[in-house]
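Participant: Predicted structure and sequence below. I'll ask about it afterward.
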Amino acid sequence: MEMEPVKKSFKRSFASFVSNFGNPFNLLFLLTVYSCFQFLPFSQAIKISLLILFLALVPTGLFIVFNVKRGVYSNYDVSNQKQRRSLYVFSLCIIILILTGLFYFKEPAFIIGGTLAAFLLLLASYLVNMKLKCSLHTSFAVFIAISFIPLNIYWSLGLFFFALILGWSRLILKRHTIQEVLVGGLLGTLVGILFDVLIKPYIGG
């Protein structure tokens, strides 16, 4: 009987770790960095990686922390359906800014295509969020897994497995229902397939 609370505590701690690590912005950064260093000269890969880091990840992280401190957001997951609307708007504006820079500096088509796909996934999630709080963690995890198919099939399989664990973690933490996780996975699948169709001609394979 004494082991039961320990098991529950461990399961929740593990779920929390997976959920934090599988933050959508972390996964997007992983895809960007891998793609850049795989297909671009080192200096260009560094430039684009830093661009994504300081124009997307850092501002978004600060935006979330600022709103949690102010009490606008209940938690760092922004798991409240109404509260996350402003996060969607902020993130969409950030991606538009990045896309503008990528187009202006004529960066490679697969980088622009990936950023555009991320924008479409966020936009679709924002629209769905009007009715249903779909799992953004799951949608981006599935999107990244499918996106890696033309890049590295072994990474892709590992990411699919991680997406399953990530969906499970969102349920354990009671951040989402099964329906919300499945809808997130469906959105990630649709946009991931679109991404592969768009970028595959540019990377070969």
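Facilitator: Right, received. Where do you want to start? Numbers count the residues shown, from 1 in each chain.
Participant: What separation do you get for the residue positioned nearest the centre of the chain and Leu40?
Facilitator: The residue lying closest to the centre of the chain (C-alpha atoms, centre = their mean) is Pro24, at 2.4 Å. Separation of Pro24 from Leu40 (C-beta to C-beta, to the nearest Å): 23 Å. For glycine as for every other residue, the C-beta is placed from the backbone atoms N, C-alpha and C.
Participant: same check, this time on Phe66
Facilitator: 33 Å.
Participant: Settle it for me: which of those two has more neighbours?
Facilitator: Using other C-beta atoms under 10 Å, the more surrounded residue of Phe66 and Leu40 is Leu40, with 18 against 11.
Participant: ok, now which ones touch the more buried one?
Facilitator: When contacts are counted by C-beta atoms under 8 Å, 6 or more residues apart in numbering, Leu40 touches 48, 108.
Participant: Next one: it relative to Ala109, how far apart?
Facilitator: Leu40 is 12 Å from Ala109, by C-beta to C-beta.
Participant: quick one on the thing from earlier: so the residue nearest to the residue nearest to the centre of the chain when sequence neighbours are not counted is in which element?
Facilitator: Excluding the flanking residues, the one nearest Pro24 by C-beta to C-beta, 6 or more residues apart in numbering is Phe140, at 3.7 Å. Using DSSP states H and E, Phe140 sits in helix 136-147.
Participant: Low-confidence regions, the protein specifically.
Facilitator: Within the chain, the segments meeting pLDDT under 70 span 1-4, 6, 199-205.
Participant: Count residues in the vicinity of Tyr154, would you?
Facilitator: Tyr154 has 8 nearby residues by other C-beta under 10 Å.
Participant: Ok, Val18 next?
Facilitator: 19.
Participant: for Ser156, same thing?
Facilitator: So Ser156, with other C-beta under 10 Å, has 18 neighbours.
Participant: In three-state terms, label Ser79 for me.
Facilitator: Per DSSP: H, G, I helix; E, B strand; the rest coil, the local secondary structure of Ser79 is coil.
Participant: before we move on, what about Tyr73?
Facilitator: Applying three-state DSSP: Tyr73 is coil.
Participant: What number of residues are in the vicinity of it?
Facilitator: Other residues close to Tyr73 by other C-beta under 10 Å number 21.
Participant: got it, and the one 4 residues further on?
Facilitator: When neighbours are defined as other C-beta under 10 Å, Asp77 has 20 of them.
Participant: Phi first, then psi, for the nearest residue to it once chain neighbours are set aside.
Facilitator: Leaving out its chain neighbours, the residue that sits closest to Asp77 by C-beta to C-beta, 6+ apart is Arg175, at 5.8 Å. Reported as degrees, to the nearest 10, the phi and psi values for Arg175 are phi -80, psi -30.
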